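[1] one predicted model, sequence on top.
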Amino acid sequence: MKIRSIILFILILLQSPVAGQNATNKIKISDDIDLIRLSPNAYIHVSRASMGSFGMVSSNGLIFIEKGKAFLFDTPANNTQTRTLVKWVEDSLHVRFAGFVPNHWHEDCMGGLGYLKTRHIPSYANQMTIALAKQHHLPVPDKGFKDSLILHLGNKRVECYYPGKGHSTDNIVVWIPSEKILFAGCMVKEMKANTKGNLSDADVKAWPATIKKVMARFQSARIVIPGHGEAGGFELLQHTIEVVCK
């Protein structure tokens, strides 16, 4: 019985949503950028940059690949890092970028949009993100959507969805059903987080209800990726509600 229990434990561990995020699946692109391979089609990009009073901050984004093309969800915080990431992915994974979507308007989501525009990579964003980019004199995404946007990469479907206010007024989530991946961005906290983080544009009162809408809509999510820190499973959503409600 002990042997069977050990085998069962190992199988459960291997099936865990974070099992694919160990050091053997980490690719070092530069001193401040890593890729974490989640599947043959999906990678988390992790970049580190100075964020004012917060000091050096590690931020997550997502790359989804299908049949030689890729979507980028969030950039590193600046054009230089974004160029390094994009060029490495193109040259090493032999793909070309077909589109970009930021989670919200902050620099850790779209600080590299200026570089993407020099490459004529199409960009899509919540209409509020576009308005805020204009207001703050930032590079502006090309096309806007209000509630949701469906994109296709080959025969794979990607849903960009605005559930409501949270970490920022314009934050969205990205759902890739073929991978069961939910890129939730800064709206969601990693399991180690016990503080709300940057609240400069947050709506703390609305935040829990926004998370509950995400939970109801994407119940089959297997991997949930926060804006900062380690990815996990569906439990990150409930954890975020608990942190926000403290």
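    Nice, I can see it. Numbering: from 1, shown residues only.
[2] from now on I want contacts and neighbour counts done on CA atoms only, so please keep to that.
    OK.
[3] low-confidence stretches in the chain?
    Regions of the chain meeting the criterion pLDDT under 70 cover residues 1-24.
[4] list the contacts of the longest strand along the chain.
    Counting by DSSP state E, the longest strand found in the chain is strand 56-66. By CA atoms under 8 Å, 6 or more residues apart in numbering, the residues outside strand 56-66 that reach it are 41-51, 70-76, 95, 108-109, 153-154, 156, 183, 185, 225-229.
[5] which residues does Tyr124 bridge with?
    Lys143 (DSSP bridges).
[6] shouldn't it be in contact with Lys146?
    No: with contacts counted by CA atoms under 8 Å, Tyr124 stays clear of Lys146, the gap being 11.0 Å.
[7] who has more neighbours, these two?
    Tyr124 (21 against 12; other CA atoms under 10 Å).
[8] would you mark the buried spots in stretch 94-107?
    Buried residues in stretch 94-107, counted by 16 or more other CA atoms under 10 Å: 95-107.
[9] swap that for stretch 231-241, sorry
    Ala231, Gly232, Gly233, Phe234, Leu236, Leu237, Gln238, His239, Thr240, Ile241.
[10] what does stretch 201-212 give?
    So, applying 16+ other CA under 10 Å, buried residues of stretch 201-212: Ala202, Val204, Trp207, Pro208, Ala209, Thr210, Ile211.
[11] need the contact partners of that stretch.
    Contacts with stretch 201-212, where a contact means CA under 8 Å, 6+ apart, come from 163-169, 187-188, 237, 240-241, 244-245.
[12] and if we set it to 10 Å?
    106, 162-171, 184, 187-188, 196, 214-215, 217, 237-238, 240-245 (CA atoms under 10 Å, 6 or more residues apart in numbering).
[13] return the subset of those lying in helices.
    Val214, Met215, Arg217, Leu237, Gln238, Thr240, Ile241, Glu242, Val243, Val244 (DSSP state H).
[14] farthest pair within these?
    Maximum pairwise distance among those (CA to CA): 21.0 Å, between Arg217 and Val243.
[15] count the residues that sit near Asn171.
    Burial of Asn171, expressed as a neighbour count using other CA under 10 Å, amounts to 27.
[16] quick one, what contacts it?
    Counting by CA under 10 Å, 6+ apart, Asn171 makes contact with 102-106, 125-126, 128-129, 161-165, 184-187, 202, 210.
[17] I'd assumed Ile29 was in contact with Thr84.
    Yes: between Thr84 and Ile29 a contact is recorded at 8.0 Å, counting by CA atoms under 10 Å.
[18] what about the spatially closest residue to Ser50 that is not a sequence neighbour, how many neighbours?
    Leaving aside its chain neighbours, Ser50 sits nearest to Met56 (4.2 Å; criterion: CA to CA, 6 or more residues apart in numbering). Met56 is flanked by 11 other residues according to other CA under 10 Å.
[19] with the one 5 residues further on instead?
    The criterion is other CA under 10 Å. On that basis, Gly61 has 26 neighbouring residues.
[20] now do it against Leu85, distance only.
    11 Å (CA to CA, to the nearest Å).
[21] cool, and Val140?
    Counting by CA to CA - Val140 and Leu85 are separated by 20 Å.
[22] do a quick rundown of the strands in this protein.
    So, for the chain - with DSSP E - the strands run 26-30, 33-39, 42-50, 56-66, 69-73, 96-101, 124-126, 143-145, 148-153, 156-161, 173-176, 181-185, 223-226.
[23] so for Thr118, which of those strands sits nearest?
    Going by CA to CA, the one of these nearest Thr118 is strand 96-101, 12.8 Å.
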